[in-house]
Structures are given as structure tokens and as C-alpha cells.
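Visitor: Build me a structure from this.
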Amino acid sequence: MNGANLRSLHKSASITKGDNKVKKHTGFADMKKKSSDSVNGLFGNAYFMKWTAEDLLGVVRHHPIPCVFAAALLFFMGVEYTLYMVPSTAPPFDLGFVATVSLHRLLESRPALNTILAGLNTVFVGMQTAYIIWTWLIEGRPRATISALFMFTCRGILGYATQLPLPEGFLGSGVDFPVGNVSFFLFYSGHVAASIIASLDMKRMQRWELAYTFDALNVLQVIRLLSTRGHYTIDLAVGIGAGILFDSLAGKYEDRKKREVCNH
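Guide: Numbering: from 1, shown residues only. Okay, the predicted model is just below:
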């Protein structure tokens, strides 16, 4: 083999070796590009990828309430995972009971006062019931009545499904509702929920003074029920939510029925 042939063979080998290096380098780059494209494809159109520092500051400035809720979420996550649970042999811990200890002692020492307040509360329950039925029978607006029917049915199901023990120190009265100091479901409070339903209807009809009166009486009712240990705090809180929820569901039910009539 002459010198020219050797040089040609060496050149060919060098080119082949160089091509392999290029292919190897190009293949690695292609793998990186595919990986990058995969990530971009997954997150490229994600909402948070378009955020700026100004957007983040704007969330705090324009949406303070959700930000407070987010902070509360983190706080109560810490509380939940560090708090010792109440033993099964101990009575439930209720912050509302703690806040009304002095009122509980007052009513316990004065049964006559407890009876008077129970009677007044029963009158308030009668006012709620009368207004809710009035809106249907006299004014021809059944939404509040439908809402109350939904609410009390759901209360009966939930109250029977999980029957809570009567709180320690319960101060009953023969004139309280249910009248006669009979048994009742604790979860959730029908007293509070019905008051909310009536108040929401009053506000829809712009009966503002009557609505605010009902709201004030409902607050006093909550305080009395906690003071007499007639309900746990959770019963009352869920009662507020139940009133709002079932009023909304009754409104949707009415709207659907109206559309069905229009379609026919």
C-alpha cells in the first residue's frame, strides 16, 4: 500500500470518527431537547407560569380574604397535628361553653330566669315559623317554606345518623322548644337555621328592619343555647350554614320549576 492510499485511509477513518462524535453529541442534545419540550409541554401553558411579582402582590392587595383563609389553613394544620385529642372518657371540649361559663352559672343559680329566657326563645321560634308559613299561604311565595322543609328533613337524617350525647350541665325548661323538655336532635340547630331562612327571605323582600331584628334575636338565641348547654357550638355554626344552603337550594328548585312551566 503506497503513501497516498495510507493517507486516504487515515482521512476516511478520521472523518468516520468525527461523524461518530458529532452523532453522539447530537443525540445527547436531542435527548435534552426532548426532555425540555416534555417539561414545557406539561407546564408551558400552566396558569402559574404566567405569574409576575406584580401579580403575586396584586393577589394580596385585591384578595385579602382568601389570603387570610390561606394563612388560617396553615395555622390550623399546625394546630391539628400538635393538639392532643380529647380522651374518650372525657366530655367534649367546646369553646362556646368555655366562653359562657359565667352565664351558665347565673342561669343554674336562677331557674326562674332560665324559664323566662326559655319562654322568650320559644316565642321567637313561633315568630320564625309564623313568618315562614305566612310567606307561602298569604304572600304566595313558597321558597322559605320549601327551604325549611329541606332543612328539617336533612336535620332529622343527620341527627339520627350521629346522635350526640347531651352536654354536661344541660339546663332544661318545660317551656323551651320542643315544649315539655322532651328529647331532641343536637346536630344541627333547627332554631338557628330557621331564623336564618326567615331573615334571608326578609332581606330579599327588603324588609331590612325586620331582618336585622331577627338577626339580633338569633345572636341572643345562640348565646342562650350555649349558656344552657342546649347545643354544642358546632350545632349552631352548622345551623347558620344550613339556613344559607337550603335557602339557596330552594331558590334553585323554584327556578327549575319555573323553567319547566315556561317550556310547556
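Visitor: So which residues of the stretch 101-250 of the chain form helices?
Guide: 101-109, 111-137, 143-161, 190-204, 208-227, 233-263 (DSSP state H, counting those that start in this stretch).
Visitor: Go through the longest one and flag the buried ones.
Guide: In this case it means helix 233-263. The neighbour-count check on helix 233-263 (16 or more other C-beta atoms under 10 Å) flags 233-240, 242-243, 245-247, 250, 253 as buried. In this view, the C-beta of every residue, glycine as well, is placed from N, C-alpha and C.
Visitor: which helices and strands does it pack with?
Guide: helix 95-99, helix 143-161, helix 190-204, helix 208-227 (3 or more C-beta pairs under 8 Å, 6 or more residues apart in numbering; DSSP states H and E).
Visitor: contacting residues around the longest one?
Guide: Identification of contacts with helix 208-227 by C-beta atoms under 8 Å, 6 or more residues apart in numbering yields 96-97, 99-100, 103-104, 106-107, 117-118, 121, 124, 127-128, 171, 189, 191-192, 195-196, 198-199, 202-203, 230-231, 233, 236.
Visitor: do stretch 236-253 as well
Guide: Taking C-beta under 8 Å, 6+ apart as the rule, stretch 236-253 contacts 96, 143-144, 146-148, 150-151, 154-155, 187-197, 199-201, 222, 225-226, 231.
Visitor: if we go to 7 Å?
Guide: 143, 146-147, 150-151, 187-189, 192-193, 196-197, 200, 222, 225 (C-beta atoms under 7 Å, 6 or more residues apart in numbering).
Visitor: now, which of these sits nearest residue 92?
Guide: residue 187 (12.0 Å; C-beta to C-beta).
Visitor: Which pLDDT does the model give that closest one?
Guide: pLDDT, residue 187: 90.
Visitor: ok, it to residue 117 distance?
Guide: 23 Å (C-beta to C-beta, to the nearest Å).
Visitor: Between the two, which is the more surrounded one?
Guide: residue 117 (22 against 18; other C-beta atoms under 10 Å).
Visitor: Could you list the low-confidence segments of the stretch 51-200 of the chain?
Guide: 180-181 (pLDDT under 70).
Visitor: If we use 90, what do you get?
Guide: Applying pLDDT under 90 to the stretch 51-200 of the chain flags residues 51-63, 80-81, 83-86, 88-91, 164-166, 172-186.
Visitor: Tell me which of the helices and strands packed on helix 233-263 sits nearest to residue 60.
Guide: The closest of the helices and strands packed on helix 233-263 to residue 60 is helix 95-99. By C-beta to C-beta, the value is 29.4 Å.
Visitor: can you list contacts of the closest one?
Guide: Helix 95-99 is contacted by residues 226, 229, 233 when judged by C-beta under 7 Å, 6+ apart.
Visitor: again, only using 6 Å
Guide: 226, 233 (C-beta atoms under 6 Å, 6 or more residues apart in numbering).
Visitor: With stretch 145-153 instead?
Guide: Under C-beta under 6 Å, 6+ apart, the answer for stretch 145-153 is 132, 136, 193-194, 197, 242, 246-247, 249-250.
Visitor: how about that stretch: buried residues?
Guide: 145-148, 150-152.
Visitor: and which of those residues is nearest residue 52?
Guide: Nearest to residue 52 among the buried residues of stretch 145-153, with distances taken as C-beta to C-beta, is residue 147, at 44.9 Å.
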